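Q: Whatever this is, show me its structure:
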Amino acid sequence: MSNDITYICKRTVVSTKPVQPGKFFSFSVLDRLMEQNYLRIVYYYQTRGDAGELGEATKKLRESLSELLTNFPIVTGRLQKNSEGYWMIKCNDAGVRMIEAKAKGSVEEWLTSVNREKELKLVYWEEMFHKPQFWSTFYVQLTEFEEGGLAIGLSCIHLLADPFCATMFLKAWANQTLIGNMLAPPFFHPLPPRRPGNKDPTHQPYTDLINHYKFSIERPTPFTNKKQATVALGFKDHMVRDCMAMSRGSSTGPSPFEALAALFWVCISKVKGKTKGLLNMSVCLDMRNVLNLDAGFFGNCMVYNKVHVGSSSNCKNMLQEAAKGVGEVIQKMDIEGIMDLIEWMRDNADDHSGPVMNGWDLVCAKLEELEPYEVMFEDGFGPIRVSYYVEPVFGVGQVLVLPSPASEGPMSRVVMVTLSEEEVVKLCQDDLIKRFCPVIMMFG
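A: You can find the predicted model right below:
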């Protein structure tokens, strides 16, 4: 496996136009909470039969990236502490690190045997070192397959971007490459304050959400030395509909995310040896629409919240209770509740070292509104597969619910689960999971 990929070079790509001198970007309270995490994303593409010599696609993408970076000064800047001890970005055109590589075989052959360890070789990442002013916060890796295909890997510190921002960046890069222009510019502005007069006088602060963050911030960062594995399961349209039907109680619903989150909550609880009730689980949801933010808002806007559920000994009833619990917590996360959290964090922002929000509970992230399959660098050639990682995964484990290609049907989803190696094996053997016959797209 170590010989599958040849790393050709590492270079710095800078923007074609210099940034305005003396420009800085500050981080929001939601940004600062994600300082200890980072993202790793891989998109796989087939290439045209007339794609040309190896290296031509990389050269084209490198040039369009340089054009794009003019519109993303926060990406090409470097971290620096302000007078209060918080990180900020100094926009100095230091650029983005790019790794160029080639891999044996074709992209289709690669995908037949890919696992976590192998896939992460396609997305370069460096931990922050002792001189942050020289450390790149974004890395791009371009890997061309000798017999056809391309993998684009993007990694970045979560402090700057959540999965929605990272996908926005990739989509803008694709537009710059395909049509020479970025269709949707990013917006770099602070999280909005609560509008005067808009607060309901009868509103009670959302203390459950605030207490969840307070508890997570106060607890020490957990540590695990177990080797982790990731499985990607493809649920076709009818499989998700069957799961929704099985998760439906007396009320209406559940949504595809609520049903799948419940399914994996129940099954991972069993895998972890839980004989009564369920493990502690938090959901992670994008709040851009809730806060009425611009579609191009660039910054962290994902919020974690603990799910509460009753106990049931019956597997079907437990699935229904779990789906109901997920739906109820999503319903409670309205604009007033999220503003309660933001205001509380602003008033209590006295710790300069970010906590780990994905540290203790099983975390299930709702990423199904991402649009990765619209990221086309060539006309008609969208990615054939995508993978997302929110690292590091501490504590119980992580479940990411992602979209599938539109051709798979509106309800189809891909679920990426990261657990210990032995737990991933047990999860794939679980009778409830096997009942829906998902396709194992990646294992190990």
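Q: any low-confidence regions in this protein?
A: For the chain, the stretches with pLDDT under 70 are 1-2, 50-51, 195-201, 222-223, 250-251, 310-316, 350-355, 358-359.
Q: which residues in it form helices?
A: For the chain, applying DSSP state H gives helices covering 29-32, 56-68, 73-76, 107-112, 116-119, 163-179, 207-218, 237-247, 256-271, 315-332, 335-347, 421-428, 431-435.
Q: Let's check: the centremost residue of this protein is which one?
A: In the chain, the C-alpha nearest the mean C-alpha coordinate belongs to Pro163, at 3.8 Å (C-alpha atoms, centre = their mean).
Q: That one against Tyr38, yeah?
A: No: counting by C-beta atoms under 8 Å, Pro163 does not reach Tyr38; the two are 11.4 Å apart. Bear in mind the C-beta positions are built from the backbone N, C-alpha and C, glycine included.
Q: any chance of the helices of the chain in CSV, plus distance to Ala229?
A: Shown next, in CSV, are the helices of the chain (distance: least, C-beta to C-beta, whole Å):
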stretch, distance to Ala229
helix 29-32, 30
helix 56-68, 30
helix 73-76, 31
helix 107-112, 17
helix 116-119, 6
helix 163-179, 21
helix 207-218, 25
helix 237-247, 22
helix 256-271, 12
helix 315-332, 24
helix 335-347, 33
helix 421-428, 4
helix 431-435, 15
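Q: deepest of those helices, which one?
A: Among these, helix 256-271 has the highest mean neighbour count (mean count of other C-beta atoms under 10 Å), at a mean of 25.
Q: could you dump that helix to CSV, C-alpha only?
A: Only the C-alpha atoms of helix 256-271 are listed here, as CSV (Å, rounded to 0.1, in the frame of the first residue of the first chain):
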residue,chain,number,x,y,z
PRO,A,256,-34.2,10.6,6.6
PHE,A,257,-31.7,12.1,9.0
GLU,A,258,-33.8,11.4,12.1
ALA,A,259,-34.4,7.8,11.0
LEU,A,260,-30.7,7.1,10.2
ALA,A,261,-29.4,8.8,13.3
ALA,A,262,-31.8,6.7,15.4
LEU,A,263,-30.7,3.5,13.5
PHE,A,264,-27.0,4.0,14.2
TRP,A,265,-27.6,5.3,17.7
VAL,A,266,-29.4,2.0,18.6
CYS,A,267,-27.0,-0.2,16.8
ILE,A,268,-23.8,1.4,18.1
SER,A,269,-25.2,1.3,21.6
LYS,A,270,-25.6,-2.5,21.2
VAL,A,271,-22.1,-2.8,19.7
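Q: counting contacts, what elements does it pack onto?
A: Judged by 3 or more C-beta pairs under 8 Å, 6 or more residues apart in numbering; DSSP states H and E, the packing partners of helix 256-271 are helix 237-247, strand 281-286, helix 315-332, strand 362-366, strand 397-403, strand 413-420, helix 421-428, helix 431-435.
Q: give me every residue that touches the residue nearest to the centre of the chain.
A: Each residue near Pro163 by C-beta atoms under 8 Å, 6 or more residues apart in numbering is listed here: 39, 41, 302, 365, 367, 370, 388, 390.
Q: Kindly report the same for Lys426.
A: Taking C-beta under 8 Å, 6+ apart, one finds Val271 in contact with Lys426.
Q: and the gap between it and Arg413?
A: Here Lys426 is placed at a distance of 22 Å from Arg413 (C-beta to C-beta, to the nearest Å).
Q: again with Phe377
A: According to C-beta to C-beta, Phe377 stands 24 Å off from Arg413.
Q: Kindly report the same for Trp125.
A: 26 Å.
Q: The two: which is more packed in?
A: A count of neighbours by other C-beta atoms under 10 Å puts Arg413 above the other of Trp125 and Arg413, at 25 against 19.
Q: quick one: the more buried one and Pro403 touch, right?
A: Yes: applying C-beta under 8 Å, one finds Arg413 in contact with Pro403, separated by 6.6 Å.
Q: so what sits against both of these two?
A: By C-beta under 8 Å, 6+ apart, the residues touching both Arg413 and Pro403 are Glu368.
Q: export stretch 379-395 as CSV, just CAs?
A: Provided in CSV are the C-alpha atoms of stretch 379-395 (Å, rounded to 0.1, in the frame of the first residue of the first chain):
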residue,chain,number,x,y,z
ASP,A,379,-18.5,19.8,-17.8
GLY,A,380,-20.7,16.8,-16.9
PHE,A,381,-18.0,15.2,-14.7
GLY,A,382,-19.1,15.4,-11.0
PRO,A,383,-17.4,13.4,-8.3
ILE,A,384,-18.2,9.6,-8.4
ARG,A,385,-17.7,9.4,-4.6
VAL,A,386,-16.9,11.8,-1.7
SER,A,387,-15.7,11.3,1.8
TYR,A,388,-15.7,13.6,4.8
TYR,A,389,-13.7,13.3,8.1
VAL,A,390,-14.0,15.5,11.1
GLU,A,391,-10.9,14.7,13.1
PRO,A,392,-9.8,13.7,15.6
VAL,A,393,-12.6,11.4,16.8
PHE,A,394,-12.5,11.1,20.6
GLY,A,395,-14.8,9.3,22.9
